[in-house]
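1. structure of the sequence below:
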Amino acid sequence: MCSVAGWGKTETNNTSNDLRVVSVSIINKEVCNGTWQYTLPPNVICAGGYNTEKGFCQGDSGGPLVCNGIAVGVVSFNRNNNCDYPNVPNVYTDISKYRDWLKHTLSGKAPLNKLVKTLPIPKDEIKLKEGEICSVAGWGKTENKDFTVDDMRVVNVSLLNPKLCQRIWGPGLPPKVICAGGYNTNKGFCQGDSGGPLVCNGMAVGVVSFNRLRNCKYPDVPNVYTDISKYLQWINKNMKTKECVK
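-> A predicted model of the protein is given here:
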């Protein structure tokens, strides 16, 4: 038995402002492939979401699958944005399959140069301007049915008025978010871009969170990002401790 945690939705149409955790069972890879009815990527783990009402949901992407106190997987995807389980198994990236890459990548401080730079985050809570042009980057899909890409892609997106975004999304939109792209435009993020930065004026102001019904065929409804400036107190507190958050 393992566990997965996150701030994502608790049902297909509900959101949560609290960190939730749930226990899930690992599922045999052959059973998982058979249930999905096609061959899944090789470096994955299947757990939860099948023969159980327990699993992750949209907004949990990037979170850890923990077994025996060790992070063994990263929340990746379910089917058709559907969290009304039992459905098909939830799929996680298998961290152990990337150990060599992680050791090489994390063996020391990243060498900063013209191609590798750090991004600052806001020092205080900020108010972004409607219509401001920002950018979002990632290795995610470029269309609904495509596979993820091998090269990082970047696209410019316009910030939307928060009230307009709330009206379009309805009561299910959580607080402390930024809306940009995906609406009145064919530009936005897609599945596989979760956790990437929304950059405005050279500053990381948001984190890719979710779109609607796993649909990247825009225009649709606005893309939603977590507003980094609303969590500065939490970020600063945990950066000073230099310890993992429990």
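
2. report the central residue of the chain.
-> By CA atoms, centre = their mean, the chain has its centre lying nearest to Ser194, at 2.9 Å.

3. is it correct that that one is in contact with Asn211?
-> No: using CB atoms under 8 Å, Ser194 is not in contact with Asn211, being 10.0 Å away. Backbone N, C-alpha and C define where each C-beta goes, glycine included.

4. what are the buried residues along the lengthiest helix in the chain?
-> In terms of residue count, the longest helix belonging to the chain (DSSP state H) is helix 232-241. Within helix 232-241, the residues scored as buried using 16 or more other CB atoms under 10 Å are Leu232.

5. stretch 186-200 now?
-> For stretch 186-200, a neighbour-count test (16+ other CB under 10 Å) marks 187-200 as buried.

6. OK, contacts around Asn81?
-> Asn81 sits next to Thr12, Gln58, Arg212, Leu213, Arg214 when contact means CB atoms under 8 Å, 6 or more residues apart in numbering.

7. so how do I select the buried members of those in PyMOL?
-> The following PyMOL line selects those of the contacts of Asn81 that are buried, judged by 16+ other CB under 10 Å:
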select buried, resi 58+212+214
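
8. now the contacts of Asn81 as JSON lines including distance to Ile228?
-> Rendered in JSON lines, the data for the contacts of Asn81 read as follows (distance: CB to CB, whole Å):
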{"residue": "Thr12", "distance to Ile228": "27"}
{"residue": "Gln58", "distance to Ile228": "19"}
{"residue": "Arg212", "distance to Ile228": "22"}
{"residue": "Leu213", "distance to Ile228": "26"}
{"residue": "Arg214", "distance to Ile228": "24"}
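
9. so where's this protein uncertain?
-> 12-17, 106-107, 144-149, 242-246 (pLDDT under 70).

10. assumed Tyr98 was part of a helix.
-> Yes: in this structure, Tyr98 lies within a helix as judged by DSSP: H, G, I helix; E, B strand; the rest coil.

11. how is this structure divided into domains?
-> Following automatic domain parsing, the chain resolves into domains at 2-100, 133-232.

12. centre of the chain to the shortest one, how far?
-> Meaning domain 2-100. Put simply, domain 2-100 sits 13 Å off its chain's centre (CA atoms, centre = their mean, to the nearest Å).

13. one step back: list of residues touching the longest helix of the chain?
-> With contact meaning CB under 8 Å, 6+ apart, helix 232-241 is reached by Ile121, Pro122, Lys123, Asp124, Glu125, Ile228, Val245.

14. OK, contacts around Met203?
-> Going by CB under 8 Å, 6+ apart, Met203 touches Leu119, Pro120, Ile121, Pro122.

15. distance of Tyr98 relative to Pro64?
-> Distance of Tyr98 to Pro64, given as CB to CB, to the nearest Å: 14 Å.

16. neighbour count: the two, which is higher?
-> Pro64 (19 against 13; other CB atoms under 10 Å).

17. tell me where this structure has helices.
-> So, for the chain - with DSSP H - the helices run 29-36, 99-105, 162-169, 232-241.

18. nearest to Leu19, of the ones you listed?
-> When these are compared by CB to CB, helix 232-241 sits nearest Leu19, at 11.1 Å.

19. convert the C-alpha atoms of that closest one to CSV, please.
-> Provided in CSV are the C-alpha atoms of helix 232-241 (Å, rounded to 0.1, in the frame of the first residue of the first chain):
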residue,chain,number,x,y,z
LEU,A,232,5.2,33.6,-0.7
GLN,A,233,4.9,33.3,3.1
TRP,A,234,4.8,29.5,2.8
ILE,A,235,7.6,29.4,0.2
ASN,A,236,9.9,31.6,2.2
LYS,A,237,9.3,29.7,5.5
ASN,A,238,10.1,26.4,3.9
MET,A,239,13.1,27.7,2.0
LYS,A,240,14.7,28.9,5.2
THR,A,241,14.3,25.6,7.0
